[in-house]
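# got a predicted model here, sequence first, then my questions.
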Amino acid sequence: MNTAANALEIKGLTKHYPAFCLDHIDLTLPMGSVMGFIGENGAGKSTTIFSILGAIRRDGGTVRILGQDTAQGIPLSLKEQIGVVLDECCLPETLNLKDINGIMKAAYRTWNSKTFFRHVHRFFLDETKRIKDYSRGMKMKLSIACALAHDSRLLILDEATSGLDPVTRDELLDLFYEFIQDEQHSIFMSSHITSDLEKICDYVTYIHKGKLILCQEKDGLMQRMGILKCSETVFRDIDPAAVHGKRTTAFGVEALVERQKIPAGLVVEHASLDDILIYLVKSDMSRVKS
Amino acid sequence: MKALLLKDIRVLSINMKFYFILILLYTFMGAFVDNMGIFQLYPILLFSLFPITALSYDERCHWNQYGITMPISRRDLVLSKYILGIAGALLISVFTLAVNLLFRYGNTDPGTLSCFILAVMSASMISLDLILPISLCFGTEKGRLFYLGTVILLCAAPAILDGVFNAGMGLPKDIGGISFSGLTTAVCAFALLSLLLTVFSITVSIRIFDKKELV
């Protein structure tokens, strides 16, 4: 088994389209960690994921998965160790679970039918139904069951929980928790739902219009940042280096600040991941990038 | 490769039941109706479209996007469609030959019949060789439009072959000045041409698919 220190290492990943450019993306996902990959629609999340997976050709940069370089494509043996869940279930809709199990068994050397059906039963997926008769949530659960039924060490999830109800999302997060208990397992997940990422992620990466805005350890970031609510007069005395974004309301100023740089006596409230990202994207973001 | 073929066969067997019945019907009709050229031509040509149908089902569920993340190469994704087409054409050709020999025993010349079926099979492979690279490059909708064009071109073939086959019913050794050995040579040359075109088509398709962005 490969014992690389990082599950995923991306350096200078670039992809040009006429109307969009993925601009030198750098990120590192340490082994045994979960990274949330956030960005608005069209920010380049799926382009990044498809570049990692080799579905689209990158114009520049390197991608190492589980310590292996993928410049010449991902070796088939490495693909055995990558579980992928895309934003829609890409399995033929007329097939049923028995068919899927047969196909996957023929595709993956490490496919484990028992594990597959264990997940199927856990998710209460009806074995007699065809995939087309499943709800979106059931389809996503099936995709996840497939991703976990072979020797996956890295899960790559593209909007796997979007469009699902909170109960289903919670079930899936529980499953991801179980998966990550093995320190050789890692998850790279893109999502719009920052509350899910707050629960499970060790690292957050944010991209905006194809550029990397932030790639940091989540707990450290959330401890470091807070929301300061004060009057305009008080705000004028705050060190500008401490402020990463602000908005003026009828009651004064609300600003995303670095707690340590704020004078004692002022109340700095907890900032959610959503708050941090929204303030960052609306302000000069370069200072937090480091 | 096995996984891809399993998937395509399963998907087609579920979705194309009506076509399978139609193929059986035409094949058996061909064995009982005297002017049977069209009945033997149709199932083989229809079978040649099955890989395109399989490809359109793939497009519908974005299978290739997912398939590329599995331990499957781009090359295998392409080759599986050709193997499906070749195996299907061979299978239906042998089936047609067997049904006709069984039900028309003593009433047909096996040599001429084999030549006819080989020619039709080669023609169906040529149509697949032309459509698959176009479908892989531009999508199956455009591939099907192109198919209509090739069918018109291929319409010339049945007219000639039907005449040859009907002549074969009476076991003539000379048809319109073409000797049986001459006909065999012509059909074998046509089959060889189809084989070469298949190799060329596979090479082109692999190159196209290798550069294709699967999003």
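Here it is on my side, so go on. Numbering: from 1, shown residues only, chains lettered A, B, ... in the order given.
# from what I can see B:Ala54 touches B:Asp8, true?
Yes - B:Ala54 lies in contact with B:Asp8 (C-beta atoms under 8 Å); the separation is 4.2 Å. In this view, the C-beta of every residue, glycine as well, is placed from N, C-alpha and C.
# give me the common contacts of those two.
Taking C-beta atoms under 8 Å, 6 or more residues apart in numbering or on different chains as the contact rule, B:Ala54 and B:Asp8 both touch B:Lys81, B:Leu84.
# and the longest helix along chain B, what's buried?
Counting by DSSP state H, the longest helix found in chain B is helix B:180-211. Neighbour counts over helix B:180-211 (16 or more other C-beta atoms under 10 Å in any protein chain shown) mark B:180, B:183, B:187, B:190-191, B:194, B:197-198, B:201-202, B:204-206, B:208-209 as buried.
# likewise for stretch B:137-148?
By 16+ other C-beta under 10 Å, the buried positions in stretch B:137-148 come out as B:Cys137, B:Thr140, B:Gly143, B:Arg144, B:Phe146, B:Tyr147.
# same question, stretch A:114-132
Residues of stretch A:114-132 classed as buried by neighbour count (16+ other C-beta under 10 Å): A:Phe116, A:Phe117, A:His119, A:Val120, A:Phe123, A:Leu125, A:Ile131.
# and the residue nearest the centre of the chain?
I'll assume chain A. Per C-alpha atoms, centre = their mean, the C-alpha nearest to the average position across chain A is that of A:Met189, at 2.4 Å.
# right idea, wrong chain: chain B
When chain B is reduced to its mean C-alpha position, the nearest residue by C-alpha atoms, centre = their mean turns out to be B:Ser48, at 3.1 Å.
# on that earlier part again, give me the distance from the longest helix of chain B to the chain's centre.
12 Å (C-alpha atoms, centre = their mean, to the nearest Å).
# same question for stretch B:87-103.
Chain-centre distance of stretch B:87-103: 12 Å, with C-alpha atoms, centre = their mean.
# average pLDDT for it?
Stretch B:87-103 shows a mean pLDDT of 82.
# mind checking how far A:His270 is from A:Gln260?
According to C-beta to C-beta, to the nearest Å, A:His270 and A:Gln260 sit 15 Å apart.
# re earlier: out of the buried residues of helix B:180-211, who's nearest chain A?
B:Phe209 (11.7 Å; C-beta to the nearest C-beta).
# what's the nearest residue to the closest one if we skip its chain neighbours?
Once flanking residues are discounted, B:Phe209 sits nearest to B:Val78: 4.9 Å by C-beta to C-beta, 6 or more residues apart in numbering or on different chains.
# number of residues surrounding the one you found?
B:Val78 is flanked by 27 other residues according to other C-beta atoms under 10 Å in any protein chain shown.
# got it, and B:Asn15?
For B:Asn15, the neighbour count with other C-beta under 10 Å is 15.
# what does A:Gly61 give?
Neighbours of A:Gly61 under the rule other C-beta under 10 Å: 17.
# so it, which of the three states?
Of the three states, A:Gly61 takes strand under DSSP: H, G, I helix; E, B strand; the rest coil.
# let me know the pLDDT of it.
Note on A:Gly61: pLDDT of 91.
# would you confirm that it contacts A:Gly12?
Yes - counting by C-beta under 8 Å, A:Gly61 touches A:Gly12, with 3.8 Å between them.
# spit out the residues that contact the two alike.
Common contacts of A:Gly61 and A:Gly12 (C-beta under 8 Å, 6+ apart): A:His24, A:Ile25.
# need the residues of chain B near chain A, please.
Residues of chain B found near chain A (C-beta under 8 Å from any C-beta of the partner chain) are B:2-3, B:6-7, B:10-11, B:14-15, B:57-58, B:60-63, B:65-73, B:211, B:213-215.
# again, 6 Å this time
Counting by C-beta under 6 Å from any C-beta of the partner chain, chain B comes close to chain A at B:2-3, B:6-7, B:10-11, B:14-15, B:57, B:61-63, B:65-66, B:68-71, B:213-215.
# among those residues, which are in helices?
Those of the residues of chain B next to chain A mapping onto helices are B:2-3, B:6-7, B:10-11, B:14-15, B:57, B:61, B:63, B:65-66, per DSSP H.
# give the buried subset of those residues as a PyMOL selection command.
Per 16+ other C-beta under 10 Å, the buried members of these correspond to this PyMOL selection:
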select buried, chain B and resi 3+6+7+10+11+57+61+63+65+66
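# for the ones in helices among the residues of chain B next to chain A, work out which two are farthest apart.
By the measure C-beta to C-beta, B:Ile14 and B:Gln65 form the most distant pair in these, at 21.5 Å.
# grab the nearest non-local neighbour of B:Glu213.
Here the nearest residue to B:Glu213 in space, its sequence neighbours aside, is A:Ile56; by C-beta to C-beta, 6+ apart that works out to 4.4 Å.
# so what's the one you found up against?
Neighbour list for A:Ile56: A:Phe50, B:Glu213, B:Val215 [criterion: C-beta atoms under 6 Å, 6 or more residues apart in numbering or on different chains].
# over to it. Which of the three states is it?
Judged by three-state DSSP, the three-state class of A:Ile56 is coil.
# then A:Leu266?
Quick answer, by three-state DSSP: A:Leu266 is coil.
# what pLDDT does it get?
The model reports A:Leu266 with a pLDDT of 82.
# for it, phi and psi?
In this entry, A:Leu266 is assigned phi and psi values of phi -90, psi 140 (degrees, to the nearest 10).
# neighbours of it, just the number please.
Using other C-beta under 10 Å, A:Leu266 is surrounded by 16 other residues.
# show me the strands in the stretch 1-150 of chain A, by range?
For the stretch 1-150 of chain A, the strands defined by DSSP state E, counting those that start in this stretch occupy A:6-17, A:20-30, A:34-38, A:60-65, A:68-69, A:82-85.
# sorry, slip of the keys, the one I care about is chain B.
Using DSSP state E, the strands of chain B run over residues B:174-175, B:178-179.
# weakest of these in terms of mean pLDDT?
Minimum mean pLDDT among those: strand B:174-175, a mean of 48.
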